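Trainee: Predicted model, plus sequence, below.
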Amino acid sequence: QVQLVESGGGLVQPGGSLRLSCAASGNIFSINAMGWYRQAPGKQRELVATIPRDGSTNYADAVKGRFTISRDNANVTVYLQMNSLKPEDTAVYYCNARGVRILPVISNIRDYWGQGTQVTVLS
């Protein structure tokens, strides 16, 4: 079984910064891509940023230039540095691990989600 544990959410003033972390644990052979999604009240879950194993990055237009996604060398922890936060960034942020191969049967590939962490930017 694989678990994604998120941390780093909280309450912040507009213009402030937060750093989210997500650590994957379990019998992981490899993870194809990790990313962050968010869901605001009454809205659908949306992509924030993703980072595949090759280290390339992809961002939603709303966060480009303000958020930075990164991974550790072992490719099991993903971070989201959020700067210049705005009230519209308020949401539950979810970590996602896509294309996870688990030992011992690495032909099985699954996606996993974290439990979510609340980010609130005061208005």
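Mentor: On my side now, so go ahead.
Trainee: Quickly find the element holding the closest residue to G8 other than its chain neighbours.
Mentor: Leaving aside its sequence neighbours, G8 sits nearest to L20 (CB to CB, 6 or more residues apart in numbering; 4.1 Å). The way it works is simple: take the backbone N, C-alpha and C, and place the C-beta from them, glycine included. If you go by DSSP states H and E, L20 is part of strand 18-26.
Trainee: That strand - contacts with which helices or strands?
Mentor: Applying 3 or more CB pairs under 8 Å, 6 or more residues apart in numbering; DSSP states H and E, we find strand 18-26 packed against strand 2-7, strand 28-39, strand 77-82, strand 91-102, strand 117-121.
Trainee: Give me the angle between the first one and strand 77-82.
Mentor: With axes from the mean of the first three to the mean of the last three CA atoms, to 10 degrees as the basis, strand 2-7 and strand 77-82 are set at 30 degrees to each other.
Trainee: Strand 2-7: partners in the sheet, and parallel or antiparallel?
Mentor: The pairing partners recorded for strand 2-7 under DSSP bridges are strand 18-26 (antiparallel).
Trainee: tell me the mean pLDDT for the strand it pairs with?
Mentor: Throughout strand 18-26, pLDDT has a mean value of 97.
Trainee: got the buried residues for it?
Mentor: Applying a neighbour-count criterion of 16 or more other CB atoms under 10 Å, one finds L18, L20, S21, C22, A23, A24 buried in strand 18-26.
Trainee: Phi first, then psi, for G15.
Mentor: phi 90, psi -10 (degrees, to the nearest 10).
Trainee: what do you get for D61?
Mentor: With angles defined as degrees, to the nearest 10, D61 sits at phi -60, psi -30.
Trainee: change the start of the numbering to 29 and stick with it
Mentor: OK, 29 is where the count begins now, so the last one is D89.
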